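Participant: take this sequence and fold it.
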Amino acid sequence: MLRLDWNFLFTVINLLLLFVLMRIFLFKPVQKIIAARQQEADRQFEEAAAKKAEADGLKLQYEQSIASAEEEKTKTLQETRRKADAEYHRIVTDAQDKAKQIKDDAAVEAQNQKLQILKKAEKEIADMVVSAAVKVVGEKKGSDVDSSLYNEFLDKAGDRQ
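Facilitator: Below you'll find the model as predicted:
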């Protein structure tokens, strides 16, 4: 059968003692180190998750700012186009008004020149008639005077043209 001797008993006690000592001095510190490393890894994962959430928030904020910048750009372009269109219409209207004013002024000036020319022509004709009348009246009397005045007027009027 099985025999128990003191060597076996000392070996078992040594093994138990070695197990207890190893558990106290080796396994517990190693488990503490492993637990500390696990906590550090968990903390780093939590920090990474927080930083990722922060980055996602910043990304969303950046995308919103880009969208608002695009919207503002669109509004600014529309406002600028509206102002440019209004300025274009104002310039065209001013140009049309000036052209109409110039045309009206030219028509008035032409009418004035026409009236001056007609007055000048009337004065010259009157002067010729008076001059012819003075010459004829001084020389002849009656129907001869009328006939000679008429002929002289026609001669002088023909010379002026």
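Participant: Thr93 and Asp104, how far apart?
Facilitator: Thr93 sits at a distance of 16 Å from Asp104 (criterion: CB to CB, to the nearest Å). C-beta here means a position set from N, CA and C on the backbone, and glycine is covered the same way.
Participant: also Lys123?
Facilitator: According to CB to CB, Lys123 stands 29 Å off from Asp104.
Participant: can you check Ala35 too?
Facilitator: Ala35 is 101 Å from Asp104, by CB to CB.
Participant: what of Phe8?
Facilitator: With the distance defined as CB to CB, Phe8 ends up 137 Å from Asp104.
Participant: next: Leu60.
Facilitator: The span separating Leu60 from Asp104 equals 65 Å under the rule CB to CB.
Participant: what's the answer for Gln31, then?
Facilitator: As defined by CB to CB, Gln31 lies at a distance of 107 Å from Asp104.
Participant: what's the top helix by length along the chain packed up against?
Facilitator: Among all segments of the chain classified by DSSP state H, the helix with the greatest residue count is helix 28-139. In terms of contacts (3 or more CB pairs under 8 Å, 6 or more residues apart in numbering; DSSP states H and E), helix 28-139 is packed against helix 143-160.
Participant: and the helix it packs on, average pLDDT?
Facilitator: Confidence for helix 143-160, expressed as mean pLDDT, is 68.
Participant: and if you look at stretch 32-47?
Facilitator: Averaging the model's pLDDT scores along stretch 32-47 yields 95.
Participant: swap in stretch 79-89?
Facilitator: Stretch 79-89 comes out with an average pLDDT of 95.
Participant: how far does that stretch sit from its chain's centre?
Facilitator: Stretch 79-89 sits 9 Å away from the centroid of its parent chain (CA atoms, centre = their mean, to the nearest Å).
Participant: do the same with stretch 23-41
Facilitator: Mean C-alpha position of stretch 23-41 versus that of the full chain (CA atoms, centre = their mean) differs by 68 Å.
Participant: then it to PDB, C-alphas only?
Facilitator: Once non-C-alpha atoms are left out, stretch 23-41 reads as follows in PDB (Å, rounded to 0.1, in the frame of the first residue of the first chain):
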ATOM      1  CA  ARG A  23       0.600  33.400  -3.600                       C
ATOM      2  CA  ILE A  24       1.400  36.200  -1.100                       C
ATOM      3  CA  PHE A  25       4.600  37.500  -2.700                       C
ATOM      4  CA  LEU A  26       4.200  36.600  -6.300                       C
ATOM      5  CA  PHE A  27       0.600  36.200  -7.400                       C
ATOM      6  CA  LYS A  28      -0.900  39.000  -5.500                       C
ATOM      7  CA  PRO A  29       1.600  41.700  -6.700                       C
ATOM      8  CA  VAL A  30       1.400  40.300 -10.200                       C
ATOM      9  CA  GLN A  31      -2.400  40.500 -10.000                       C
ATOM     10  CA  LYS A  32      -2.100  44.000  -8.600                       C
ATOM     11  CA  ILE A  33       0.100  44.900 -11.500                       C
ATOM     12  CA  ILE A  34      -2.200  43.300 -14.000                       C
ATOM     13  CA  ALA A  35      -5.200  45.000 -12.400                       C
ATOM     14  CA  ALA A  36      -3.300  48.400 -12.500                       C
ATOM     15  CA  ARG A  37      -2.500  47.800 -16.100                       C
ATOM     16  CA  GLN A  38      -6.100  46.800 -16.800                       C
ATOM     17  CA  GLN A  39      -7.300  50.000 -15.100                       C
ATOM     18  CA  GLU A  40      -4.700  52.100 -17.100                       C
ATOM     19  CA  ALA A  41      -5.900  50.400 -20.300                       C
END
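Participant: perfect, that will be all.
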